[in-house]
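Undergrad: the following block contains a protein sequence and its predicted model.
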Amino acid sequence: MKVGVRRVARGVGLDRSMVHAHVLNLLFTGVLTADHSQPLALDSPVSIAVEWPEQIGLEAAS
């Protein structure tokens, strides 16, 4: 998670703590997933838990 947070923060120009907060929110809401048998840490692997709207037949709002 640490590498991804750092990469996104640099890429979009946000503070790392703000990006980290968004990642934690996405984990909480189930958009992202992590191994819940281990304590969550910055070194925890995180993956996408839901499909993108394009993959499930939804179109972006215009």
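TA: Nice, I can see it.

Undergrad: please identify the helix or strand for the most centrally placed residue in the chain.
TA: Centroid check for the chain by CA atoms, centre = their mean gives Val23 as the closest residue, at 4.1 Å. According to DSSP states H and E, Val23 maps onto helix 16-29.

Undergrad: and that helix, what other elements does it pack with?
TA: helix 2-12, strand 32-34 (3 or more CB pairs under 8 Å, 6 or more residues apart in numbering; DSSP states H and E). From N, CA and C alone the C-beta is placed, and that goes for glycine too.

Undergrad: how about that helix: buried residues?
TA: Of all the residues in helix 16-29, those buried under the rule 16 or more other CB atoms under 10 Å are Val19, His20, Val23, Leu26, Leu27.

Undergrad: got the contact list for that helix?
TA: Helix 16-29 is contacted from outside by Met1, Gly4, Val5, Arg6, Val8, Ala9, Val12, Leu32, Thr33, Ala34, Leu40, Val46, using CB atoms under 8 Å, 6 or more residues apart in numbering.

Undergrad: at 6 Å what do you get?
TA: Contacting residues not belonging to helix 16-29 are listed as Val5, Val8, Ala9, Leu32 [CB atoms under 6 Å, 6 or more residues apart in numbering].

Undergrad: kindly reformat those as TSV containing neighbour count, pLDDT and distance to Val50.
TA: As requested, these are exported to TSV (neighbours: other CB atoms under 10 Å; pLDDT from 0 to 100; distance: CB to CB, whole Å):
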residue	neighbour count	pLDDT	distance to Val50
Val5	21	91	19
Val8	16	91	18
Ala9	17	93	23
Leu32	19	86	9
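
Undergrad: looking at these, which two lie furthest apart in space?
TA: Farthest-apart pair in the contacts of helix 16-29 is Ala9 and Leu32; separation 16.1 Å (CB to CB).
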